[in-house]
Structures are given as C-alpha cells and as structure tokens.
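Participant: got a predicted structure plus its sequence, pasted below:
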Amino acid sequence: MPESFPRSKDLPPQSPLFWVTHKDRYLRQLLLKDIQEETGRALIVYFTECETSGAQIDTGDDVFFSELLTACAGQPVDLLLETNGGMTDAAEKICALLRHAAPDLRVIVPRRAKSNGTVFALCGSAILMGVESELGPIDPSINGVPVEFVLNQPTAFGPLDVAFAAAARNQTRKLARDMLSTGMMSERTPAEIEETIGKLATRDHYHSHGSVIDIREAVSLGLNVIEHQPDNDLWRKIWLLRTMFHYDCRQNGYAKLFESVSVSTAVAVQKSANA
C-alpha cells in the first residue's frame, strides 16, 4: 500500500510533550510544505473561522501578515484565504503590504473570501478557485446600511451620513481600481476596469452583500481565474489543508490563524463580557 499523508516512521525532533501540544500546527505545516513543493511558490495562510467567531479583518492583522511575508521575502507567493471581510482601512494597509512584499502574488480561495476579502483577492495576478469557492460584492456599509442606499435616498439621512457614505464608496472603489489596474486587469482598458468595479461595488448588479460570485461569475467580471476541478490533486491537497484549518480553529477556540511553513500565529476567539 503506498504511503499517504502524513507519513514517516521517524520520530519528531521535539520533545514528546511539546510535539503533542503543537501537533495540529506541525501537521498543517507538513501539508503546507507539500503544496509548496508542488507549486514552486511560498504558501501563506490567512484563515478566519467564519461561522461562529465573528472574526473580521481588523487593524491588528497587518503585523501578522508582515511576519508571514518577511519569512518568504523574494519568493513568488500564494495566499490561501478564508474570511467574511472586515474593516476597509485595515484591508487597505494589508493590500499595500501584499503588493510591496509579494509582487508575484496569487490568491487561493478554497471556500470564501467575501467583502474586503474579495479586495484581497484582487491584489493578486490570479485567483485560484474550485467549485466550492466564492467571492462577494465589495460595496461598503455604514452601521449595517449599504452606502448605496444612503446615497440614493439622501433625504432620509443626515448630511454627515451622506458625506460619510460617499467617502466610504470612494475609498473602496479607489482601492479596487488601484489593485486591478496594476494587477490582473492591467492590460484591460480603464472602461473595462470601471465596469468590473461598478458591478462589484454597487447594488446594481449584485443585489445583496452576501451574493455568491462563483467561478463563472468571477470570469464574467473579467477577473483572472485559474479553475481547479474537485479531483485535481493539487486542489485536493488545498481542500484538505483548508479543512484542517477549519477543524483546528473550532476545536481550539481560534478566531484566526496566520501560518506558513515557518510561522504560525493563532488569535483566540474573544469572550463576551457576559461569559
């Protein structure tokens, strides 16, 4: 019977107690290394537990991203991403980090990268997707109200709300335009780029912020998508790795994991004040 993951009869170099304490990370990093060897690219992971933790892209994430990117400086990079989105200011900082530290970047979305997670995906030269993958619209909201609603019905809101909505819309559109025009849509015309942004950043094309942008939709938007079938060997490894991250976050109470073959940082789920 052929050997399968994980494999080896050699004992780990760490002490038994230390290895057992960190075994989940060691197993994930073993698979990370396998994927790297297959692609010839450094693999970094930003994984948030999307169902129950409430984890969002926030202003503390850039420090962990910087550590991941420093460890793979000078290499082509794949970013495996799972997130429901989060703060636009924080996303803007991380996009700048990704562009500076990983000029040869692809983004892997095994399951979901929604809202500002989709903005992260726009940072790369290509997005790797499978049948389970989804992106989402990037239209911002103010206190849960889409800015398009505020701007389309300004008399129902105060002047400061309208001004804030316009600024939020312009920030998101500028960020998306900067990423696309210097990245995967650099050879497209400005009109084509604006058409893509118009569909992603308003409620005119996708009528819900949670709308699913699958492979077919992503391609129709003009994004550079590399499709993987479920039985593709590389995609099976990626999906197994994604499943390990999801399970380990749920088991250990992690909201987020930042990981590469040499770096691993977990952020615990925040307990409520009433807990």
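Facilitator: Sure thing, it's come through.
Participant: from here on, just use CA atoms for contacts and neighbour counts.
Facilitator: Will do.
Participant: now stretch 236-256: average pLDDT?
Facilitator: Averaged across stretch 236-256, pLDDT comes to 97.
Participant: what about that stretch, distance to the chain center?
Facilitator: How far stretch 236-256 lies from its chain's middle: 14 Å, per Cα atoms, centre = their mean, to the nearest Å.
Participant: can you list contacts of that stretch?
Facilitator: Stretch 236-256 has contacts (Cα atoms under 8 Å, 6 or more residues apart in numbering) with 24, 28, 31-32, 35, 46-49, 53-55, 110, 230, 257, 266-270.
Participant: which ones among the residues you listed lie within strands?
Facilitator: Within the contacts of stretch 236-256, residues falling in strands by DSSP state E are 46-48, 257, 266-268.
Participant: filter the residues you listed down to the buried ones, PyMOL style.
Facilitator: Command for PyMOL that selects the buried part of these, burial taken from 16 or more other Cα atoms under 10 Å:
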select buried, resi 46+47+48+257+266
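Participant: and which of the ones in strands among the contacts of stretch 236-256 is nearest to residue 189?
Facilitator: Nearest to residue 189 among those is residue 46, at 31.6 Å by Cα to Cα.
Participant: I figured the closest one hits residue 84, correct?
Facilitator: No - checked against Cα atoms under 8 Å, the pair residue 46 and residue 84 is beyond contact range at 11.6 Å.
Participant: could you pull out the buried residues of stretch 142-152?
Facilitator: The neighbour-count check on stretch 142-152 (16+ other Cα under 10 Å) flags 146-151 as buried.
Participant: with stretch 170-177 instead?
Facilitator: 171-173, 175-177.
Participant: re the thing from before, same list, the ones in strands among the contacts of stretch 236-256, but as TSV with distance to residue 156 please.
Facilitator: Output for the ones in strands among the contacts of stretch 236-256, formatted as TSV (distance: Cα to Cα, whole Å):
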residue	distance to residue 156
46	39
47	38
48	36
257	41
266	43
267	40
268	40
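Participant: quick check: the gap between residue 132 and residue 264.
Facilitator: According to Cα to Cα, to the nearest Å, residue 132 and residue 264 sit 26 Å apart.
Participant: and those two? Which one has more around it.
Facilitator: Just comparing residue 132 and residue 264: by other Cα atoms under 10 Å the higher neighbour count belongs to residue 264, 17 against 14.
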